[in-house]
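Engineer: Give me coordinates for this.
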Amino acid sequence: MGAGGGPPALHDTGAGGVPPASHEMGAGAEAVSRKRQRPSKQCWGHEFSGSACEPVEPQSGAFREHFCAACRNRGLSIPADRIWAAVTAEAASQKNRQSGGAWNVSDGGLFSSSAWPAHRIVNQTMGCDGPPLVILRERTPQCLPGLSRLPLPAGCQSVHFKVR
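Structural biologist: Okay, the predicted model is just below:
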């Protein structure tokens, strides 16, 4: 649950507590001024929940900047079987990569969450209640190291998140 007993907050920081930077610039993108223009990108709300969203133009690398106004205002619902809780200290200490995309994808390296399928870690900043949560891009029937399925009431099909 989020601070104050509401829905969990869907916000995060990159490695070292720094918001992930945007690394996506279209090939051949021309700047009208000396400042680089960020191209429109798919809203991460669509990535996480499949909702119909408008493209976004992030103004910074901050997590919330990757969501359209509708997702920021109404939040988003994610299928409960794609959300896992970090239950070990090692899993809870994992950070999102600064890869420029919504998902952390295994590269077979030493990053211990590389044993997890494509995922995003949320609910892990200081203002959040409860354990860090891991949202998987796809459902998986297998057990994942350091993670446990959320204990949800019978019949609960999705979890609603607020973007902050």
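
Engineer: which residue ends up closest to the midpoint of the chain in space?
Structural biologist: Residue closest to the mean C-alpha point of the chain, counted by C-alpha atoms, centre = their mean, is Arg120 at 4.1 Å.

Engineer: who does the helix or strand hosting His160 pair up with?
Structural biologist: Using DSSP states H and E, His160 sits in strand 158-163. As defined by DSSP bridges, the strand partners of strand 158-163 come to strand 9-10 (parallel), strand 76-79 (antiparallel).

Engineer: re the thing from before, which residue is the nearest non-sequential neighbour of the residue nearest to the centre of the chain?
Structural biologist: In this structure, Arg120 finds its nearest non-sequential neighbour in Ile135, 4.9 Å apart by C-beta to C-beta, 6 or more residues apart in numbering. Yep, even glycine has a C-beta here, placed from its N, CA and C like the rest.

Engineer: quick one: the one you found and Ala118 touch, right?
Structural biologist: No. The criterion here is C-beta atoms under 8 Å, and Ile135 misses it with Ala118 at 9.7 Å.

Engineer: picking up where we left off before, worst average pLDDT in the strands paired with strand 158-163?
Structural biologist: Lowest mean pLDDT of the strands paired with strand 158-163: strand 9-10, a mean of 58.

Engineer: Could you identify the helix or strand that succeeds that strand?
Structural biologist: helix 44-49.

Engineer: Packing partners of that next one?
Structural biologist: On a contact count with 3 or more C-beta pairs under 8 Å, 6 or more residues apart in numbering; DSSP states H and E, helix 44-49 meets helix 69-74, strand 76-79.

Engineer: wait, which of those is closest to Leu144?
Structural biologist: Among the helices and strands packed on helix 44-49, the nearest to Leu144 by C-beta to C-beta is strand 76-79 (16.0 Å).

Engineer: what residues does the closest one touch?
Structural biologist: Strand 76-79 has contacts (C-beta atoms under 8 Å, 6 or more residues apart in numbering) with 10, 45, 48-49, 51, 135, 139, 157-161, 163.

Engineer: sorry, back to before: just read off the phi/psi values of the residue nearest to the centre of the chain.
Structural biologist: Main-chain torsions, Arg120, degrees, to the nearest 10: phi -140, psi 130.

Engineer: give the contact list for it.
Structural biologist: By C-beta under 8 Å, 6+ apart, the contact set of Arg120 is 12, 48, 96, 102-104, 134-135.

Engineer: Of the residues you listed, which belong to helices?
Structural biologist: Those of the contacts of Arg120 mapping onto helices are Phe48, per DSSP state H.
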